[in-house]
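[1] Sequence and predicted structure below; questions after.
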Amino acid sequence: MNTITRLMSGAALALVMTAPVYAQDAEAPAGDAVVGEEAAPGTQSGEATDQANDPAAEGMDDDDDDDEEETAEIEGVYEAGAMHEYGFSGLLSRENRTDLAPLTLASGQPVSGGEYIIKSGGYYRINIVADGSQELALSGGDFFRAIWINEIVIGDTEVRPMGIHSLEFDAEGTAVLSFVAVLPGRYTLSVPGSSGDTMQAVFNIQ
């Protein structure tokens, strides 16, 4: 009986002593790296390495760099959106200019044949023609303040005034006025001292 007990105790002791050896030789569970060994791809220890080599992760880093570059380009720049495309030469190019029917300064003749309806922001050119039959002028401070004058051409002379109130002709001649309509409203250019409707030109800026 004592012999059997001793044999069983010895077998149990042998099992206890060999258990750590089997535990060390057993394969590590997936997802965990063995201490002292290089982690395989896809394990917890190898996750940082895999993300660094992952093309998708690199794409995310590139997107962040692009966002930083766009932010740097936008800083210090104020770009206003335009309602119209005026071309390479801008608003004052010939393609954007509209010629209006001329105004006439002549004794006993109407100044214009009708009302002018123009658009705010539009570029226009109009001839003011005097036949020399009488010394006449066109006056209209409100109209000239509602437009931006590009130039007034008289013969071979080009004038770019900051502002005008009237144009007077002592003799026969033509003045060419080019301007940009700005302030909407109804304005008149009239012969000073006259009261008839035929002695004025009406400009309706819309």
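    Noted; the coordinates are in hand.
[2] Please tell me how far the nearest residue to Asn150 once chain neighbours are set aside sits from Arg125.
    Nearest residue to Asn150, sequence neighbours excluded (C-beta to C-beta, 6 or more residues apart in numbering): Ser178, at 4.4 Å. For glycine as for every other residue, the C-beta is placed from the backbone atoms N, C-alpha and C. Applying C-beta to C-beta, to the nearest Å, the value for Ser178 to Arg125 is 4 Å.
[3] Could you tell me which residues touch both of these two?
    The contact sets of Ser178 and Arg125 overlap at Arg97 (C-beta atoms under 8 Å, 6 or more residues apart in numbering).
[4] For the closest residue to Asp170 other than its chain neighbours, grab the count of nearby residues.
    Nearest residue to Asp170 in three dimensions, chain neighbours excluded: Glu135, at 5.4 Å (C-beta to C-beta, 6+ apart). For Glu135, the neighbour count with other C-beta atoms under 10 Å is 12.
[5] now Thr157
    There are 9 residues near Thr157, going by other C-beta under 10 Å.
[6] where do the helices sit along this structure?
    2-25, 47-53, 55-74, 141-145 (DSSP state H).
[7] worst average pLDDT in those helices?
    Comparing mean pLDDT across those, the weakest is helix 47-53, with a mean of 51.
[8] Just grab the bridge partners of the residue nearest to Asn150 for me.
    Bridge pairing for Ser178 (DSSP bridges) gives the partners Arg125, Glu151.
[9] For it, which residues are in contact?
    Ser178 neighbours (C-beta under 8 Å, 6+ apart): Arg97, Tyr123, Tyr124, Arg125, Ile149, Asn150, Glu151, Ile152, Val153.
[10] Of all the residues you listed, the one with the weakest confidence?
    At the low end of pLDDT for those is Arg97, which has 89.
[11] Tell me the spacing between the residue lying closest to it once chain neighbours are set aside and His165.
    Of all residues not flanking Arg97 in the chain, Tyr123 sits nearest, at 4.9 Å (C-beta to C-beta, 6+ apart). From Tyr123 across to His165, the span is 22 Å (C-beta to C-beta).
[12] How about Glu151?
    For Glu151, the distance to His165 - C-beta to C-beta - is 17 Å.
[13] neighbour-wise, which of these two wins?
    Between Glu151 and His165, Glu151 has the larger neighbour count (other C-beta under 10 Å), namely 15 against 12.
[14] does the more buried one really touch Val159, like I thought?
    Yes. Using C-beta atoms under 8 Å, Glu151 makes contact with Val159 at a distance of 6.5 Å.
[15] what number of residues lie near the closest residue to Leu91 other than its chain neighbours?
    Spatial nearest neighbour of Leu91, excluding adjacent residues (C-beta to C-beta, 6+ apart): Tyr123 at 5.7 Å. When counting by other C-beta under 10 Å, one arrives at 22 neighbours for Tyr123.
[16] ok so, going back, same list (the contacts of Ser178) but as CSV, adding distance to Gly173.
    Output for these, formatted as CSV (distance: C-beta to C-beta, whole Å):
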residue, distance to Gly173
Arg97, 22
Tyr123, 24
Tyr124, 20
Arg125, 17
Ile149, 18
Asn150, 20
Glu151, 16
Ile152, 12
Val153, 11
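[17] out of those residues, which is most surrounded?
    If you count neighbours using other C-beta under 10 Å, the busiest of the contacts of Ser178 is Tyr123, which has 22 neighbours.
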